[in-house]
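>>> using only what follows, build the 3D model:
(one chain, ligands or ions: 2)
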Amino acid sequence: MRVGIMGGTFDPIHHGHLVAASEVADRFGLDQVVFVPTGEPWQKSGSAVSPAEDRYLMTVIATASNPRFQVSRVDIDRGGTTYTVDTLRDLRAAYGPEAELFFITGADALGKILSWKDAADLFELAHFVGVTRPGFDLSAEHLPADRVSLVQVPAMAISSTDCRRRVEEGKPVWYLVPDGVVQYIAKRSLYRKVDNI
Ligand SMILES: Nc1ncnc2c1ncn2[C@@H]1O[C@H](COP(=O)(O)OP(=O)(O)OP(=O)(O)O)[C@@H](O)[C@H]1O
Ligand SMILES: O=C(O)c1ccc[n+]([C@@H]2O[C@H](COP(=O)([O-])O)[C@@H](O)[C@H]2O)c1
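Residues are numbered from 1 along each chain as shown. Ligands and ions are numbered 1, 2, ... in the order given. This is a model prediction of the structure:
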C-alpha cells in the first residue's frame, strides 16, 4: 500500500492543501492520503492556534467527499508538541512494514525541514515530496536526493493566515476553503475578534 501523509496545522484547511494532496496522490499512485492535523505545532509564529478539535473537524469536513482521503488523530491524541518523527513512527506502526509512506510538504516547509526534531531520521522513515507553493522557492539541494521528490502542483496562492485575516476583516473565504469549512468557521465564530462575536 502506498500512503501519502499530509501534515499541517490546518487552521483552517484550504484548497491549497487539498490540491497538493490530490496532485501527489495522482503522480505517485497513492492508495490513500492521510491528513494529520498537528497537536501543538512549535514553529508557528504569531497568535495561538485554534483548538485542535476545531482544526480536526474542519479537516474531516474538507476531506469527507474523497474516498482516498483520511484524517488521523495521532498528533492530537499523543498530546504535547508535535514532531513529524513521532507522526511517522506512529503511522508506520499503524500501516505496517510493507506500506510505502510519502510525506507531503509545501516548499516553505521543505525549506525548513533540517530544523525539525531528529531531522536526519526523517528520511529513513518516509519518502518526502515537496510541492510548489506561490511565493516560495522549491529546492531539495540540502536534502538526500534519493529520499526527496519535487512535484509541480497548480498554483494556489492561498494560506491559512490569509483566510484567518479575511474572516477577521469580514471578507469572504468562499472558494478558498471548502463550503462546509466556511460554514463551520461561521458556526463556531472562529477567527473573529471577541467584540465581533
Ligand atoms: N497554497 C499551498 N500550496 C502548496 N502547499 C501548501 C499551501 N498551503 C499550505 N501548504 C503546505 O501544507 C502544509 C500544511 O500547511 P499549514 O497548515 O501550515 O498551512 P499554511 O497555509 O502554511 O498556514 P499558515 O498561513 O497559518 O502558516 C505545509 O507543508 C505547507 O507548506
Ligand atoms: O518535526 C518537527 O520538528 C516539525 C517542525 C515544524 C513542522 N513540522 C510538521 O510540518 C507539517 C506542517 O507544519 P506547519 O507548522 O507548517 O503547519 C506538520 O505536519 C508539522 O507537524 C514538524
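>>> mind checking pLDDT for His142?
What the model reports as pLDDT for His142 is 88.
>>> please read the previous query as pertaining to Ser45.
pLDDT, Ser45: 65.
>>> which single residue of this protein ends up nearest ligand 2?
Residue of the chain nearest ligand 2, by Cβ to the nearest ligand atom: Gly7 (2.0 Å). C-beta here means a position set from N, CA and C on the backbone, and glycine is covered the same way.
>>> doesn't that residue lie inside a helix?
No: counting by DSSP: H, G, I helix; E, B strand; the rest coil, Gly7 is not part of a helix but strand.
>>> so who does it touch?
36, 38, 75, 82, 84, 87, 103-105 (Cβ atoms under 8 Å, 6 or more residues apart in numbering).
>>> beta partners for it?
For Gly7, the beta-bridge partners under DSSP bridges are Val36.
>>> distance of it relative to Val85?
For Gly7, the distance to Val85 equals 11 Å [Cβ to Cβ, to the nearest Å].
>>> go on, Tyr184?
For Tyr184, the distance to Val85 equals 31 Å [Cβ to Cβ].
>>> which secondary structure elements does the longest helix anywhere in the chain contact?
Looking across the chain with DSSP state H, the single longest helix is helix 15-28. Here helix 15-28 touches strand 2-8, strand 32-37, helix 52-63, strand 100-106, strand 127-131, strand 148-151, going by 3 or more Cβ pairs under 8 Å, 6 or more residues apart in numbering; DSSP states H and E.
>>> Val36 against Val74, yeah?
Yes: taking contacts as Cβ atoms under 8 Å, Val36 lies within contact range of Val74: 6.3 Å.
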